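Colleague: Below are the sequence and a predicted model for it; my questions follow.
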Amino acid sequence: MIYKVLDSINSPQDLKKLNMNELKELSREIREFLVDNISKTGGHLASNLGIVELTIAMHYVFDSPNDKFLWDVGHQTYVHKILTGRKQCFYSLRQYGGLAGFPKRSESEHDAFNTGHSGTAISAALGMAKARDINGDDFSIVSVVGDGALGGGMCYEALNHAGAMKEKIIVILNDNNMAISRNASAISAHLTKLRTNPQYKRFKTVVQNSFMRIPKVGTALSKSAERFKNRIKYFMLPNVIFEEMGFVYLGPINGHDLPTLIKVLNRANAMNAPVIIHAVTKKGKGYKHSEEDPERFHGITPFVPETGLGKKSTSMCASDVFSTHLTELAREDKSICAITAAMPRGTGLNIFKKEHPDRFMDVGMAEEHAVTFAAGMATQNIKPVVCIYSTFFQRAYDQILHDVCMQNLPVVFGVDRAGLVGEDGETHHGVYDISYMRHLPNMHIMSPSCDSELKEMLEIALELNVPVAIRYPRGSFVNRQNVEPVVFGKWSIEKRIKDITIVATGRMVNVALDVVRILNIKGIEAGLVNARFIKPLDSDMLMRLSRCSNLFVIEENAIEGGLGSAILEFYSENSVVNAPAIELIGIPDRFVGHGSTDLLLNEIGLTVPKIATRVEEKAKKLNTLRWRNINGK
């Protein structure tokens with residue numbers, strides 16, 4: 001496809017040569033480019049469509065990479081990538097070995113800071129500003145923050161510090177009244193008041209126009225009246241929180257009006273103080289289907305541009321299985337409540353919300369608050385179920401430890417997206433939750449391998465009256481038939497225990513089943529045990545497994561601190577003589593990049609062929625091809 005203006009842009013410097021009409025045409029072409037490309041690769045569409053003019057204006061006014069741009073959360077940087085020399089390889093967005101879906105310092109000098117979780121950009125910007133002044137450098141720092149991120153406490157910690165330090169930074173509040181889903185918070189209501197107050201808008205226009213009509217002195221009078229206008233702003237719009245925190249507040253302005261954006265950015269850059277620019281944008285702007293349903297197009301799989309429709313899955317994802325069953329259980333048990341942190345659709349809890357709206361709470365992008373909020377509920381004979389992606393759940397570690405586990409409160413955690421998640425990459429993989437939860441006293445960890453186990457574990461968790469985490473993957477489980485009922489704390493034997501036995505957990509059980517089939521074809525007998533519970537461990541089963549020669553532990557978690565580590569600790573603590581040789585197969589001690597889950601699993605050796613080869617080589621090396629039956633039968 002040929003683009004009249006966009007094809008001439010290979011760096012931010014090219015952008016500065018354009019006139020206003022060309023900049024507006026560039027905006028239109030970028031939106032067309034985004035829809036065309038993301039329909040093929042999938043990605044974050046709505047947020048990027050909404051920030052086109054704002055990104056263009058930033059690069060028009062500032063001088064990247066000398067001036068630093070920081071993005072919060074970072075999924076809205078596609079336009080920035082296009083304008084900074086990455087347009088030609090945009091087809092590789094979120095693909096294995098291609099462009100990342102988030103800012104990445106190793107990818108471009110124009111990406112000043114890696115971001116993938118909300119609330120970090122203002123803190124990082126302030127740190128850069130202080131370092132700039134210590135080093136005697138001279139550059140501007142711009143942090144772009146969505147209004148959804150203001151639901152989290154870290155933003156306010158940074159704003160509070162910045163207002164006290166008085167360092168020169170510019171914070172652009174990209175206000176589209178949404179996080180991933182529609183915002184429902186006090187700060188959102190406050191921004192709506194700022195955004196929509198007609199008296200204030202009318203007053204500003206009348207005063208400005210009146211002064212400008214006065215010959216010769218109109219411009220000077222208008223500038224000298226700035227303090228008076230600010231006093232009126234406080235009268236009409238009380239508690240303008242940003243100015244109370246020490247920021248100069250500019251706005252609200254139309255975030256799609258290029259001339260105004262450029263004017264305000266230049267004004268902010270001329271100030272030697274912390275500045276907030278409140279830009280009101282429309283998420284999904286310029287593409288009909290995204291405007292109508294910005295939540296669905298926040299993160300979208302490949303789709304047909306003409307209809308906005310993508311490929312429908314034929315099976316329920318684990319998130320929906322969890323939420324559907326929770327919704328059913330809540331019909332009988334009125335003490336069950338559901339909590340999420342700005343992810344009702346992503347976690348499947350929109351299902352629960354529809355049927356039990358009074359017992360559903362979306363706290364915004366505030367995982368720490370979500371956990372302690374649930375802890376408070378649990379003290380009052382309520383059964384709170386907190387559903388958060390594994391990658392975001394780790395942000396609430398202290399609250400899990402201090403507010404839930406230390407008090408042994410019955411909070412159930414639905415740890416969604418456990419394991420590798422694919423195209424979102426290292427900031428979003430859920431491969432550390434076993435390691436950071438397993439050592440917490442009173443915590444119980446369950447790891448289902450199929451839908452039926454997930455449902456049974458949820459039922460058990462709600463009756464235990466202790467902290468419980470149930471971890472389940474992105475997407476759907478492999479369908480399994482004739483699964484043994486779940487018994488608390490007990491593992492299940494999937495394939496009869498042999499001298500060589502695999503212990504697998506979660507969706508790796510299904511991988512291990514195929515590994516055993518391949519080994520059997522090659523004449524190597526291997527057993528398989530499904531480790532349904534990470535904590536408590538099944539001590540009886542482990543003692544039985546201690547008679548094996550070799551155990552292979554397969555998990556989709558970091559090897560350090562994972563299930564394999566727990567098994568090694570068990571044999572050590574119980575002084576098991578002649579314990580089996582144990583090989584740990586999991587996520588290596590490095591960050592795994594982005595790409596399809598299948599490609600990433602292959603890269604780190606967690607596929608059926610690679611695991612089978614590893615077991616076969618070990619079996620041959622140890623000369624254990626003659627098996628003895630240790631099942632006691």
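Modeller: Structure received. Residues are numbered from 1 along each chain as shown.

Colleague: pLDDT below threshold where in this protein?
Modeller: 178-240, 313-314, 622-633 (pLDDT under 70).

Colleague: what's the burial count for E244?
Modeller: With neighbours defined by other C-beta atoms under 10 Å, the count for E244 comes to 11. (Each C-beta comes from the backbone N, C-alpha and C, glycine too.)

Colleague: Phi, psi for it please.
Modeller: Note on E244: its backbone torsions stand at phi -70, psi -20 [degrees, to the nearest 10].

Colleague: Would you check how far apart it and M165 are?
Modeller: 16 Å (C-beta to C-beta, to the nearest Å).

Colleague: Likewise for A566?
Modeller: The gap separating A566 from M165 is 45 Å, by C-beta to C-beta.

Colleague: Which residue ranges of the stretch 1-150 of the chain form helices?
Modeller: Applying DSSP state H, counting those that start in this stretch to the stretch 1-150 of the chain gives helices spanning 12-15, 20-41, 46-49, 52-61, 78-81, 121-135.

Colleague: Other residues contacting the last one?
Modeller: Residues lying outside helix 121-135 but in contact with it, judged by C-beta atoms under 8 Å, 6 or more residues apart in numbering, are 68, 70-72, 112-113, 115, 138-139, 141-145, 149, 154-155, 157-159, 161-162, 165, 167-169, 171.

Colleague: Would you mind listing which of those residues are buried?
Modeller: Buried members of the contacts of helix 121-135, counted by 16 or more other C-beta atoms under 10 Å: 68, 70-72, 112-113, 115, 141-145, 149, 154-155, 158-159, 161-162, 167-169, 171.

Colleague: For the helix or strand where C337 lies, which strands pair with it and how are they oriented?
Modeller: Applying DSSP states H and E as the criterion places C337 in strand 336-340. Taking DSSP bridges as the criterion, strand 336-340 forms sheet pairs with strand 360-362 (parallel), strand 383-389 (parallel).

Colleague: ranking the ones you listed by burial, who's on top?
Modeller: strand 383-389 (a mean of 26; mean count of other C-beta atoms under 10 Å).

Colleague: Please save the CA atoms from that one in PDB.
Modeller: Only the C-alpha atoms of strand 383-389 are listed here, as PDB (Å, rounded to 0.1, in the frame of the first residue of the first chain):
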ATOM      1  CA  LYS A 383     -15.200 -15.300  50.400                       C
ATOM      2  CA  PRO A 384     -13.300 -13.000  48.100                       C
ATOM      3  CA  VAL A 385     -11.900 -14.400  44.800                       C
ATOM      4  CA  VAL A 386      -9.200 -12.100  43.300                       C
ATOM      5  CA  CYS A 387      -8.500 -12.700  39.600                       C
ATOM      6  CA  ILE A 388      -5.300 -11.100  38.400                       C
ATOM      7  CA  TYR A 389      -2.800 -12.000  35.600                       C
END
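
Colleague: How is this protein partitioned into domains?
Modeller: Taking automatic domain parsing as the reference, the chain has its domains at 6-197+237-292, 318-471, 492-621.

Colleague: What separation do you get for the nearest residue to K24 once chain neighbours are set aside and K610?
Modeller: Nearest residue to K24, sequence neighbours excluded (C-beta to C-beta, 6 or more residues apart in numbering): L258, at 6.3 Å. With the distance defined as C-beta to C-beta, L258 ends up 52 Å from K610.

Colleague: More neighbours: which of these two?
Modeller: Under the neighbour definition other C-beta under 10 Å, L258 and K610 were set side by side, and L258 has more, 20 against 16.

Colleague: Might you report the residue contacts of the more buried one?
Modeller: Counting by C-beta under 8 Å, 6+ apart, L258 touches M20, L23, K24, S27, E53, I56, A57.

Colleague: Now with 10 Å, please.
Modeller: Residues in contact with L258, defined by C-beta atoms under 10 Å, 6 or more residues apart in numbering, are M20, L23, K24, L26, S27, V52, E53, L54, I56, A57, Y60.

Colleague: List the contacts of L6.
Modeller: E25, L26, S27, R28, E29, I30, E32, F33, I82, L83, K87.

Colleague: Ramachandran angles for the nearest residue to K68 once chain neighbours are set aside?
Modeller: Spatial nearest neighbour of K68, chain neighbours left out: A112 (4.0 Å); criterion: C-beta to C-beta, 6+ apart. A112 adopts backbone torsions of phi -80, psi -20, taken as degrees, to the nearest 10.

Colleague: so A112 sits right up against W71, yeah?
Modeller: Yes. Between A112 and W71 there is a contact under C-beta atoms under 10 Å: 9.0 Å.

Colleague: what do those two both touch?
Modeller: P103, A121, V142, S143.

Colleague: from those residues, which two are the most distant?
Modeller: P103 and V142 (12.9 Å; C-beta to C-beta).

Colleague: ok, back up a step: out of the helices of the stretch 1-150 of the chain, nearest to L545?
Modeller: Proximity to L545, assessed across the helices of the stretch 1-150 of the chain by C-beta to C-beta, is greatest for helix 20-41 (44.2 Å).

Colleague: Hey, what's the angle from the closest one to helix 52-61? Just curious.
Modeller: Angle, helix 20-41 to helix 52-61, by axes from the mean of the first three to the mean of the last three C-alpha atoms, to 10 degrees: 120 degrees.

Colleague: For helix 20-41, buried residues please.
Modeller: Buried-residue list, helix 20-41, by 16+ other C-beta under 10 Å: 23-27, 29-35, 37-39, 41.

Colleague: closest to A378 among these?
Modeller: If you rank the buried residues of helix 20-41 by distance to A378 using C-beta to C-beta, I38 comes first, at 41.2 Å.

Colleague: For that closest one, give me its contacts.
Modeller: Neighbouring residues of I38 by C-beta under 10 Å, 6+ apart: 44-46, 48-49, 78, 90, 93-94, 287, 290, 297, 300-303, 305.

Colleague: Pull out the buried members of those residues.
Modeller: With burial judged by 16+ other C-beta under 10 Å, the buried subset of the contacts of I38 is 44-46, 48-49, 78, 90, 93-94, 287, 290, 297, 300, 303.

Colleague: and which of these is nearest to G348?
Modeller: When the buried ones among the contacts of I38 are compared against G348 (criterion: C-beta to C-beta), the nearest one is I300, at 17.0 Å.

Colleague: just to revisit the earlier point, now the strand holding C337, how far from the centre of its chain.
Modeller: Counting by C-alpha atoms, centre = their mean, to the nearest Å, strand 336-340 is centred 19 Å from the centre of its parent chain.

Colleague: Now tell me what touches whichever helix or strand comes after that strand from outside.
Modeller: With elements assigned by DSSP H and E, the helix or strand that comes after strand 336-340 is helix 350-355. Helix 350-355 is contacted by residues 181, 295, 319-320, 322-328, 330-331, 336-338, 340, 343-345, 359-362, 385, 387 when judged by C-beta under 10 Å, 6+ apart.

Colleague: Please compute how far helix 350-355 lies from its chain's middle.
Modeller: On the basis of C-alpha atoms, centre = their mean, helix 350-355 sits 22 Å off its chain's mean C-alpha point.
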